[in-house]
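>>> Return atomic coordinates for the entry below.
(chains A and B)
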There are 2 protein chains.
Amino acid sequence: MCHGSVFRLDDTRLLDEHVTHGAWTWEMRSLQEVSYQVRLVSGVLDPANDLLAGAGAWPGEKAARRVVVADSAVNDVYGEAIHRYFGQHSAEHRLVVLDVCEERKRLELVTQVIDELDRFGIDRRREPLVAIGGGVLMDVAAFAASIYRRSTPYVRVPTTLVGLVDAGVGAKTGVNYGRHKNRVGTYFPSTVTLCDRGFLATLDRRHVVNGMAEILKIALIKDRRLFELLEVNGSALIASRFQDDDGVRERVAVEVLHRAIEAMLEELAPNLWEQKLERVVDYGHSFSPTLEMHALPELLHGEAVAVDMALTTVLSVQRGLVSSAEATRVFGVMRALGLPLWHPLCESNLLREALHDTIRHRNGQQRVPLARGIGAATFVNDLCDTELARAAEVLAREACRG
Amino acid sequence: MCHGSVFRLDDTRLLDEHVTHGAWTWEMRSLQEVSYQVRLVSGVLDPANDLLAGAGAWPGEKAARRVVVADSAVNDVYGEAIHRYFGQHSAEHRLVVLDVCEERKRLELVTQVIDELDRFGIDRRREPLVAIGGGVLMDVAAFAASIYRRSTPYVRVPTTLVGLVDAGVGAKTGVNYGRHKNRVGTYFPSTVTLCDRGFLATLDRRHVVNGMAEILKIALIKDRRLFELLEVNGSALIASRFQDDDGVRERVAVEVLHRAIEAMLEELAPNLWEQKLERVVDYGHSFSPTLEMHALPELLHGEAVAVDMALTTVLSVQRGLVSSAEATRVFGVMRALGLPLWHPLCESNLLREALHDTIRHRNGQQRVPLARGIGAATFVNDLCDTELARAAEVLAREACRG
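Model (predicted):
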């Protein structure tokens, strides 16, 4: 949907006046409604399930043609299943396998996807690109879709925990540029995201833990019950890869995913294009982008976010926003989940550089979200280098205790 | 402005049901209002004029910092004036000169702009990029702005006629990719476009004629009076470069620009993101993208559009939509303006290829706008190869007559 208007000139007196005064202004105003679905489902690659085949399709369209982009880890495990699925449901498909990682998350991968779209040839609106993979794969494929013919619909199937609760459900697309994380990109959500926890079954432990960082983030600044669920069940969920299918355990696995996704969507819906730069979901993302890029390839995204959250928890304690007892619980959960609290690069020089870039990114102000107790947040604009240095030292000592 | 909502789940009964049925759907709905100004002004680079310095600035902001991107043709003529202007108005600026042309309109130029933005460092929302140049320069700079930090405001100062009435006033950004014109890009209008016909004074004749093609386009499908203005005054306007500043002649120069810009904006406002693929402003743009890219560097954009318009005028005559007398007037104006009616590549094979790509671009249907008389348009979906080949032959003969 799109509405729009422009001030019109039909009066020649106005034109004369315009010539006399040498200036004229048109005010353009257009309204765009963007809507998309996020679905928590199961059996996405089961040939009997037509959810994925129909995702993003136009009602009543004839034979489907699909370009499917998957990362190589997904291809190793699910490549045949993907071919089988689309072979059964589509007249024609092409599976493009990208070798992705945070270091290769660059424009070259985007152009690789565009080349494939050009080669295969797709109709502009009714043949969505399908992206199956982790956060990096989805960010890259989504960026390609968003700029190909100035926007081509796409469908996401996240296969990692970060993908399920974070990268797969929002509107952000993008790649790293220079030393900067996600420096170029767009806002362009998929028509549909199909979240299927079944994919987590084959995920290695470290990548499950990686996703837990984003769930913990949303818990800390918005959902106390989610924090408590992680506190009690976090380790077990990692061990089971969320695959529990008996009564209570299944209910917990689903509730954790459900709460994490819903909390994220609630924050995104009124601020999809980030007009408001105070975003609680930026918690853990003030210092971590610089840390993650400097530490490449050592830290996964969620691990860098965890270090940021540990640091800002210390800042919150120093400012009386979080009690020592609460901080102890937070650090306890991080340790139980297997998340890092600290990294050698987390020292005053890097923190200063990170804050400088974050200030540019947030248009001249810090707007750093800090936890307030457990399950709420506040924003600060007056962090100083001394305070950061002190927090980094306290954190280094805390981390040694672990 | 942005509104949004997400369906929320607060009821644990629903969660149980969700677990039982194994599926859950969130519907996201967000509304974005995009507004921008197009201004017809004069003396943009006059140091006494603070329009450009203030364009896109936030009210009450302190010292301005600006990255200014200009093409080398602009730099040759106005480089010093640009430095003088920003030197007077800004605390700090960097002028980036890009060597642009249709063949170099590629991602490499976009990354060149991004490198400069990264090097200079700008705050995300209050330090707009300034693009001064022709259509290619503006498309490239606008694309860079739109993906840098997922959207960075920018200001346009078109210096060519195509820029003034077309590339500078819409929302489309982008670059060529492979053999395809503007295959990658975004929809992202500048905060403000300052249209100053003064820049046309230094434009060579061929580039003025090039811009006349886009004015003729909008006249043919939407504004009969504009066509008549071109019929009577077109050659004189080209000769004077729209620089007339005495009574009647000035009034005509301003009215032509005014009508062309306003007609364009009227078409764009309700369809800024091209949700509707039937666009009258696509007149002259069904076959020309392929023709232009195949003929590179021979044809300028407007010249390729002119050949397309001549061809579709013949098609309109063949279908009884345009009378022979009307066609004669159209060809007469094109000749008087110095626009080509034909090109050797305009033959059945290329036309078939072009139509195939246009059908993909318009989501499976031709949606080809044809002129209906002079000043109105209609859409057709049933062009066939024979009809195209016949029209190309008729056009070849017509062109010989010129």
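
>>> so how far is A:Leu230 from A:Arg224?
Applying CB to CB, to the nearest Å, the value for A:Arg224 to A:Leu230 is 11 Å. Backbone N, C-alpha and C define where each C-beta goes, glycine included.

>>> quick one, which of these two is more surrounded?
Counted by other CB atoms under 10 Å in any protein chain shown, A:Arg224 and A:Leu230 do not tie: A:Leu230 has more neighbours, with 23 against 13.

>>> The more buried one against A:Ile218, yeah?
No: using CB atoms under 8 Å as the test, A:Leu230 is too far from A:Ile218 to be in contact (10.4 Å).

>>> The nearest residue to A:Tyr36 once chain neighbours are set aside: neighbouring residues, count only.
Spatial nearest neighbour of A:Tyr36, excluding adjacent residues (CB to CB, 6 or more residues apart in numbering or on different chains): A:Pro189 at 4.4 Å. Applying other CB under 10 Å, we find 26 residues neighbouring A:Pro189.

>>> Which of the helices and strands in chain A ranks last by mean pLDDT?
helix A:12-21 (a mean of 54; mean pLDDT, DSSP states H and E).

>>> thinking again about what came up before, need the three-state assignment for the residue nearest to A:Tyr36.
Secondary structure, DSSP: H, G, I helix; E, B strand; the rest coil: A:Pro189 is coil.

>>> Phi and psi next, for it.
Main-chain torsions, A:Pro189, degrees, to the nearest 10: phi -70, psi 160.

>>> how far away is it from A:Ile122?
The gap separating A:Pro189 from A:Ile122 is 19 Å, by CB to CB.

>>> Following element in sequence after the least confident helix or strand of chain A, please.
Remark: after helix A:12-21, the chain's next helix or strand is strand A:24-41, criterion DSSP states H and E.

>>> what angle sits between that next one and strand B:24-41?
Computed with axes from the mean of the first three to the mean of the last three CA atoms, to 10 degrees, the direction of strand A:24-41 lies at 170 degrees from that of strand B:24-41.

>>> Quick check, the residue in the stretch 201-350 of chain A closest to chain B?
Residue of the stretch 201-350 of chain A nearest chain B, by CB to the nearest CB: A:Ala269 (3.4 Å).

>>> separation between that residue and B:Met28?
Distance, A:Ala269 to B:Met28, by CB to CB: 6 Å.

>>> ok, now A:His294?
For A:His294 relative to B:Met28 (CB to CB), the value is 34 Å.

>>> So which of those two has more stuff around it?
Remark: of A:His294 and B:Met28, B:Met28 carries more neighbours, 23 against 16, as counted by other CB under 10 Å.

>>> Is that one bridged to anything, and to what?
B:Met28 has these beta-bridge partners by DSSP bridges: A:Tyr36, B:Val6.

>>> Hmm, A:Met264 and it touching each other?
No: taking contacts as CB under 8 Å, B:Met28 lies outside contact range of A:Met264: 10.5 Å.

>>> which residues does the spatially most central residue of chain A contact?
Among the residues of chain A, the one closest to the centroid is A:Ala167, at 2.6 Å (CA atoms, centre = their mean). Residues counted as contacts of A:Ala167 (CB atoms under 8 Å, 6 or more residues apart in numbering or on different chains) are A:Gly134, A:Gly135, A:Val136, A:Met138, A:Asp139, A:Pro158.

>>> Out of these, which is nearest to B:Leu129?
When the contacts of A:Ala167 are compared for distance to B:Leu129 (CB to CB), A:Asp139 wins out at 23.7 Å.

>>> can you state the direction angle for the host helix or strand of that closest one and helix B:135-147?
Using DSSP H and E, A:Asp139 maps to helix A:135-147. Inter-element angle recorded for helix A:135-147 and helix B:135-147: 150 degrees (by the same axes, to 10 degrees).

>>> The following helix or strand past helix A:135-147 close to chain B?
With elements assigned by DSSP H and E, the helix or strand that comes after helix A:135-147 is strand A:154-158. No: figure legend: strand A:154-158 not in contact with chain B (CB under 8 Å from any CB of the partner chain); closest approach 12.9 Å.

>>> about what we covered before: ok, the residue nearest to the centre of chain A to B:Glu387 distance?
A:Ala167 is 49 Å from B:Glu387, where distance means CB to CB.

>>> Please tell me I have it right and A:Val96 contacts A:Asp118.
No: using CB under 8 Å as the test, A:Val96 is too far from A:Asp118 to be in contact (11.9 Å).

>>> Give me the buried positions along whichever helix or strand A:Glu262 is part of.
Element membership for A:Glu262, per DSSP H and E: helix A:247-268. For helix A:247-268, a neighbour-count test (16 or more other CB atoms under 10 Å in any protein chain shown) marks A:249-268 as buried.

>>> ok, now stretch A:295-305?
Going by neighbour count (16+ other CB under 10 Å), the buried part of stretch A:295-305 is A:Ala295, A:Leu299, A:Leu300, A:His301, A:Gly302, A:Glu303, A:Ala304, A:Val305.

>>> what do you get for stretch A:112-123?
By 16+ other CB under 10 Å, the buried positions in stretch A:112-123 come out as A:Val113, A:Ile114, A:Glu116, A:Leu117, A:Asp118, A:Phe120, A:Ile122, A:Asp123.

>>> cool, and stretch A:268-275?
For stretch A:268-275, using 16+ other CB under 10 Å, the buried residues are A:Leu268, A:Ala269, A:Asn271, A:Leu272, A:Trp273, A:Glu274.

>>> Which pair of those spans the longest distance?
Taking CB to CB, the two most distant members of the buried residues of stretch A:268-275 are A:Ala269 and A:Glu274; they sit 12.5 Å apart.

>>> how about the residues of the stretch 101-250 of chain A near chain B?
So the stretch 101-250 of chain A meets chain B at A:107, A:111, A:114-115, A:118, A:121-126, A:146-151, A:172, A:174, A:177-178, A:180, A:182-187, A:189, A:250 (CB under 8 Å from any CB).

>>> Out of those, list just those in helices.
Secondary structure defined by DSSP state H assigns A:Leu107, A:Thr111, A:Ile114, A:Asp115, A:Asp118, A:Ser146, A:Ile147, A:Glu250 of these to helices.

>>> right, and A:Tyr148 touches B:Asn182 too?
No: in this structure, A:Tyr148 is not within contact of B:Asn182 by CB under 8 Å, at 11.1 Å.
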